Every structure is written in structure tokens, then in C-alpha cells.
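A.B. asks: Sequence and predicted structure below; questions after.
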Amino acid sequence: MSVGSKVAIKLERVTAGYLTAARGWRSLRRRLEVVLNNVSLEVYNGERVVIIGESGSGKSTLLRVVLGLLKPLRGRVVVLGKEVYSLPWSERVRVLRAVGYVPQDPYKALNPSLKIRYSLMEPLEALGIGDPEGRMARVLRLVQLSEEVMNYYPTDLSGGMRQRVLIARAVIHDPEILVLDEPTSALDVSIQAQIINLINDLYEKLNLTVLVVTHDLGVAQYLADRAVILYKGEIVEEGFFEDVLHSPRNNYTKLLIKSYRASI
Amino acid sequence: MEAMVLAVKAVGLRVGYLDSEENVLWAVREASFEVSEGEIFCLVGESGCGKSTVGNAIAGILPPHAVTEGELHIFDRPVIQGGRMNYNGVRGRIVSYVPQNPGTGLNPYYTVEDQFYYVLNSLYGLGRRKAVEVSRNYLSLVGLDPDRVLDYYPHELSGGMQQRAAIALALSTGARVVVADEPTSSIDANLRLQLIKLLLDLRDSQRISLFLITHDIMSAGKICDTIAVMYAGRLLEVGRGSEVVTEPLHQYTRMLVDAAPTLGFKKALRSIPGEPPRPGVVVEGCAFRPRCPWAFEKCVEAPPRVGVFGREVECWRYVG
Amino acid sequence: MGAGVNAQQTGGSPRGAGLLSSLLRRQVRGLKFGAGLTVVLVMLALSLTCDFIAPYPEEGRGIAPPDARDRILLPPSTDHLFGTDSMGRDLFSRVVMGTRSALMQILIVISASLAVGLFVAVLSAYFRGVVEMVVSYLTELFMSVPAIVLALAFAIAVGRGLITVISSLVITWWSWYARITHIYARGVVEMDYVTLSRLSGLSPLKIVWRHVLRNVYPPVLVQAITDMGSVLLEATAINFLSLGVPINSPEWGVIMYEGKDVLVTAPWVTIFPGLFLLVTALGFSLLGDSLRESLDPRLRRKWRLWF
């Protein structure tokens, strides 16, 4: 897979955080909680980057910043050449049309009162893209689900199937970038393997740039060209996955590797 | 010759729940196993296989509407016999439980000291001073500084400290068996290794038997003395930890190992086709038959358990 | 490889996910549900057919008969099933026609309160910030106002009437639904499917309707049904205090107001409307309660899995 010189996603010295209420949710006083500190990152076209971080590392915040949902306190976010936060929401959405997002929890990411087809169709409806039936059929085939899934409700499907539906929904509008948040952590080991293989399959078939956030080094190994280790809001190490794995320089990275097989 | 003390012994254990129509949904269909004293026993399985139910049965925290069959003994005391459960003197005293989330093991409204006091007082009638003394012992045992921890509320402690405090609390009751449901899954890498080391130390120094429930077979292989692989309420394979993972006998075990990523060696990830049956769904014959590459005609009947090289497997291929 | 959906995995054909349909299915055998539903249906039928059932419809509407003086305060008999009131009117007709008044008041008050409460709370949960703050202050403000006091103020200011009853009730009740809705809506708004819709660029109104409202209304609706009994009682109380519908109306509270003066000599004037009131309120309570029982905990657990 040739890696182009164009940059798909770029974070330039991004510091981000939240204003939380100092006392009670209606208090007017706010307290600043910084979650990401001076983070710089580049994802090139056509590559697969995995951000490895545990809970509290700031990875969810990082994703929100990349997706245009959280304006950083400092720094720039550039997606496919456009600076995301200099645009108003309506234009931001148009830029983000090139991004497909698969959220973490397949049990919370589908509206339980809607049939799958309506959830699947939504990006097409919102972006004004035609041929919904055709696209849905094609995309379900890509994720290896039968077409009758369209008429089911989310509660009729297992976790693995729901995850596939979410992936299908993320690619139905032909994005260039696919962003996945912990794609396998809600799934059993035997299904994890299916999803990992599926993601790589789509990566090749659809010429995507892939950005994955996970805490699991094993999952990262199969999904990463490059790895970025995130710890307490800072990038402590980055490089090609094999290099990071075999010659880690940062202590936290070493600890992560060492404790990999202690998931009791 | 000294007989080996069995901390936990299950014979044909079945546990189910009554649904809204008064039908029984069996979570554990047939479990027979033994845990020796001072052993680390891992129950490995995917979600819905019933492993948490087994843990709950041992710890004595099955809900009141649970239905049981078979037998469960803890240090020779029958806590489950047929349909009756009797955990008097066992629950909390001999068996203790550490839940998955570090936070939920401790009552958020009480300081650590209070928690120890209320538990020890209700179990053994200890006064506050004695309770504090006991708590200091156990807190130090798990590597926490009692002076720094006793006065704090759980939310003031980090996740790792909460987990260790919960373990200390579980041990302070004098428990000989500790049931832990995925104790390191919600802990940072920092502390995961420490916690494993702690558990191993406890086993060595205190001869405490550990019953660990996990979904990660590779980790279990590294840490546990005995592994039992559970699927759809049955134990498909039981054997020594290291062997089960390096030379699995049952197809399910083998496929689990194949599907688990190994760091450093990028083997092909082979997933298991299909999905495990949802809890409550009954499959005729061998529960794994629909997904098993070795399935043949005999598999429509439930396979017996056979001993193979010191291990126990439930598979027709090993019969005869 | 390739997980196609097969019947074994999902339990057969696609089931409706409608929470209400599963609720109802579970209920069909319950006694509470049966009793409650029966009462409600009977009252509903009465309200629709009262013009035909009432033997003296004009008297039911409040017009005194020509031979009124001979028929004042007669005890129950074959001619007058419930007796007559102090103006000689057949009580049975009045009470039966009061069913229509009762149900109408309930219906208007509850639907208006629900509409306002749901709408306002869902918007405040979605847009957060100032909107949420303002709405929550308003909610608390109106929650603390007792309906009867408000009715008194209205009656003094603009006079009594059906409008007085209804508006004073709606103004106080909407805030309860707003509060419940807001609590659930806050949870739903955090859900990933809402985030996904926002990212797709779906308009906020569509998101609120399709994703928030649809998943939030079940418990609120059930609460509303249970509330119908209480609304009836409050409305009747307001009418009893002469703050609501005009005198002579076929309304249980009004009849009981008349009946209080002759409580000892002609207790039937008070007893019969009171009985109807009690039974109707109970019926709604039972119905709502049985629905709520199945909503919580079992179904509620399932529903909570949705968010």
C-alpha cells in the first residue's frame, strides 16, 4: 500500500480539555480540566495509525477533537487540508463527510427504536446522497451481513453483528478516512478476530486511511502500520508498530508491553 | 499419605434462573471440577457462557430466584445440594468475592476504616480498635499504607488502590477462597502486573485458593495452575494451565487460542465462525457442534467427559 | 466466517421493538391490568353513549324538569336510579353525563401537559447551556405551584369556567413531565447514535424527534396514564370549590358541591358522583400502575439497555 505524501489528518500542538462546573451542574463557575497537552500528530493518506492509550489517557478526547466535536483550547486540527475549527458547524459537517466514524459501544450506537435500515440510511439522508437501497445492499455485503438484517431491530442482533452494522454505516457514504474507537473491546475474543480481519479487508478494498483508538496492544498489532502511545494526555512514543514493540524507548511503553499478558 | 484438601468441589453443578414465565434458563448446565487448597484456578470463557454464575455460586451470592441442581462443596461443607443452598458460616467467612470494577467493591459512603469495621464487626463481633488492627495487617499485605488509606473514602483513592483495598477487605474476613471476576480488566497497565504479583504472593504466603474468572485464555495460561474452559454452561476442557494453552485438546480451546492475538508474533488471526449461543438457548447434543470443524454424527448427543493425559475433555473424538 | 443472520441466533423473525407492544403483551394476563382497563373502557363507553343511556338527558344537562317541585330530593327508585337532586333533576342522568366531562378534562389536561413537558424538556436536554438552565428554573417554579391556588387566582381574575380548570392544571402538571423527560433525555443525548447523527449533519429537530423523543416517551407516557386518576381528582376538586365549570353542569364535583348542603337528608346526591369519581380514578391508577410495573424492573432493565 503506497503511502502518499498528503496528510489526511494533522493535529498541531493541540491542547484540549473540558470546562466542568465547579459546584453542581447549574453553577455558573467553571473549572478547566486539561485532558490533552500539546499533542501533535500526523496521519498520512493510506496508512493505518493506532493510538494506544488506556482509560484516562485522553484518547476519547483526542477522537472528539479529530471528529470536530470538541474545539481545542490551543492548536490546529487539519483534516484533508481544511482547518476544521475555523469553519462553522454546517461547513464542518461537509468536510467531515470524508470521515466515517465507528463508535465504541455497539450497544449504544444504534437507535433501539429504529429498524437497522433507517439507521444505516441516515448518513445518506443527511448528506443528500442517492441510491440508498443499492448502497445499503452493497455495504452489507462488504461487512458480510445478509440483507435481511435491514429489517431487524438492534436488539435482535448480537454484539458482533451490531459492530458490523456500525462499520457498514461508517462506510456507506464513501469516506476517505475511517475512525474507530475501541472496535473490539465490547466483543468476545472469537468475534474480535472477525472484526479485525474485516477492518483490514475494508482498508484494502476501499482504499481507506484508518485511525484506530484502542488500549489493547494485541489488537493494535493487527491494525497498525504506525503506533502512537498516549499517556496522561501526552504522546510518549510513536513510530512503526514493529519498532515500538521491539525497541520501546519510553518506560510506559515498556510497561504496557510487559503487562500485556496479564489481563485476568 | 496426606489427602489433598479440596478448597472447592463441584459435582454436576447446574445453576439456572427463572424467567418471567417460570421457565428455568440454565446458565450453568453441568460443571464438575476441583480446586485444591492454595491453587490458582482459572475459569475461562466468553460472555454468556456462565462463568460469572459459577463464581457467584462459589461466593454465595446467587440471587434468591436462582435454581440449582448438583453439588457444590467448599472445604467439604455442602453449600449447594440439589435444590437447596446453605451458605451459613461460609459466605464472607471462608469464601470472599472481589468484583470486577474496583470502585464497586467498596461502599462509597464509608471510609476504608469504617468498611473494615462494619464487615468484621458483623461477622466476628470485633470492636473498632481490633478491627482497625486487623485491617492494618491486610492493607499492608496488599501493599497499601494503612495510615494513608484508612481515613479516605473510596472515590478519593485511585482505581488500583481501590482494587487492592477491596482485596484486603475480602481477605480480612479470613477467607480461604477468593473469587475474583476479571480483577484486572479495569486497571491500568501500571498496576496490572503488581496485582498479579500480589495474587501470586497471597497464594504462596497464605495458601489462599484463588478462583479467577476471565475471558483471556492466554493470560490464564500464564498465571493459573488449572484452567477450565467453559462454553454454553459446560466445561469443555479442564487441565493444567500451561498445557491447555500450548496443546489444547478440545477444538474450542484450540480455536480460542488461535483467535487470540499474540504480541510479537503476527500469526494469522483465525476467528471461530458463527457466534456462541445466547444464554438460555438450548442446543441439542454438543453445544459446540455448529461451529466445530471436527463435528461428526455422534455429536448430536451430548458427549461424556473423558480423561486424556491427566486432563478432562468433553468431546466424542476422545472417546474410545 | 461471515455472520449471516440465522434464526437460531436471533430467535426467528424480526420482532417489533415497540416497547409498548411488549408491555401490553406482558400485561394481557394481569389482574390489575384487566380491572383497570375494564373500568377505563366502561367509562369511555359511557362518555360516548351518555346521551342515549341517560333516561332524562335534558335534566342531565342541567335543565330542571317542569314538575321539579314534586321531584326534589327523591331517594333512589326505579324511576330515578340514583334519586334526584335539589332541583328535581334525575341524578343518574347527571352523573352519567358527568363521565364525558370527566374524561374530557383528563384528556385535555394530560395531552397538553405531556406535549408541553416533552417538547420543552427534550429541547433543553439536547441544546444544554442557557436553554437547559432556563427550562430547569421554570420547571421547578411551576412544580411548586399548587393547582388549586392557581385556580383560585384565575377564578378571581377572569372568572370561573372550564378554561380555568384546564389551564390551572396544565400550568402545574407540565413541569412534572418535563422533569421526568429531562432526566431520561439527558441520558439519551449522550448516546453514540445521537453523536453519529450530529456528525452526519442531520438537522437538530430531526435528531430530537427521531432519536431523543422516540426513546424517551415510554416511561413518561406510562406516568401520564397513572396520573390520569390524580388529574381527575384535582379537577373535580377545583370544580367542587366552584372555581371551575358553571353550576348546573353535569360534572361530579359540581354535583357534590350541591350535595354537601343536603348530606344528611339526601346523601345519595353526594355518594353516587363520589363513587363514580373513586372508581374512575382507581381504574386509571390500576391501569397505569400495572403498566409501570412491567416497565420496571424487568422491562425497564431491557429498556435501560437501550441507553
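C.D. replies: Nice, I can see it.
A.B. asks: burial measure for the closest residue to chain C within the stretch 151-300 of chain B, as a count.
C.D. replies: Relative to chain C, the nearest point of the stretch 151-300 of chain B is residue B:273 (5.3 Å; Cβ to the nearest Cβ). The C-beta positions use only the backbone N, C-alpha and C, and glycine is treated the same way. Residue B:273 has 15 neighbouring residues, counting by other Cβ atoms under 10 Å in any protein chain shown.
A.B. asks: and if you look at residue A:204?
C.D. replies: Using other Cβ under 10 Å, residue A:204 has 9 other residues around it.
A.B. asks: what about it, distance to residue A:48?
C.D. replies: Distance of residue A:204 to residue A:48, given as Cβ to Cβ, to the nearest Å: 10 Å.
A.B. asks: for residue C:223, same thing?
C.D. replies: Separation of residue C:223 from residue A:48 (Cβ to Cβ) stands at 49 Å.
A.B. asks: Who has more neighbours out of these two?
C.D. replies: Using other Cβ under 10 Å as the criterion, residue C:223 and residue A:48 rank with residue A:48 on top: 23 against 18.
A.B. asks: So for the more buried one, what's the nearest residue that isn't a sequence neighbour?
C.D. replies: Closest residue to residue A:48 apart from its sequence neighbours, by Cβ to Cβ, 6 or more residues apart in numbering or on different chains: residue A:210 at 4.2 Å.
A.B. asks: follow-up on the earlier one: hang on, the residue of the stretch 151-300 of chain B closest to chain C in a strand?
C.D. replies: No - counting by DSSP: H, G, I helix; E, B strand; the rest coil, residue B:273 is not part of a strand but coil.
A.B. asks: thinking it is in contact with residue B:292, fair?
C.D. replies: No - with contact defined as Cβ atoms under 8 Å, residue B:273 does not reach residue B:292; the gap is 9.8 Å.
A.B. asks: Just the buried residues of stretch A:11-23, please?
C.D. replies: A:11, A:12, A:14, A:15, A:16, A:17 (16 or more other Cβ atoms under 10 Å in any protein chain shown).
A.B. asks: Give the partner strands of the helix or strand encompassing the residue nearest to residue A:48 in its sheet and their orientations.
C.D. replies: Taking DSSP states H and E as the definition, residue A:210 sits inside strand A:209-214. Strand A:209-214 pairs in its sheet with strand A:48-53 (parallel), strand A:177-181 (parallel), by DSSP bridges.
A.B. asks: Pull out the buried residues from that strand.
C.D. replies: A:209, A:210, A:211, A:212, A:213, A:214.
A.B. asks: Kindly report the same for stretch C:120-130.
C.D. replies: C:120, C:121, C:122, C:123, C:124, C:125, C:126.
A.B. asks: give me the subset of these touching chain B.
C.D. replies: With Cβ under 8 Å from any Cβ of the partner chain as the criterion, the subset of the buried residues of stretch C:120-130 in contact with chain B is empty.
A.B. asks: so which of those comes closest to residue C:59?
C.D. replies: Closest to residue C:59 out of the buried residues of stretch C:120-130 is residue C:120 (43.6 Å), distances taken as Cβ to Cβ.
A.B. asks: My guess is that closest one contacts residue C:175. True?
C.D. replies: No - judged on Cβ under 8 Å, residue C:120 makes no contact with residue C:175 at a distance of 9.0 Å.
A.B. asks: what's the neighbour count on residue B:299?
C.D. replies: A count of neighbours around residue B:299, defined by other Cβ under 10 Å, yields 20.
A.B. asks: Check the secondary structure at it for me.
C.D. replies: Under three-state DSSP, residue B:299 falls in the helix class.
A.B. asks: OK, contacts around residue 66?
C.D. replies: Using chain A here. Residue A:66 makes contact with A:9, A:11, A:77, A:79, A:179, A:211 under the criterion Cβ atoms under 8 Å, 6 or more residues apart in numbering or on different chains.
A.B. asks: try chain B instead
C.D. replies: Residue B:66 touches B:15, B:16, B:17, B:85, counting by Cβ under 8 Å, 6+ apart.
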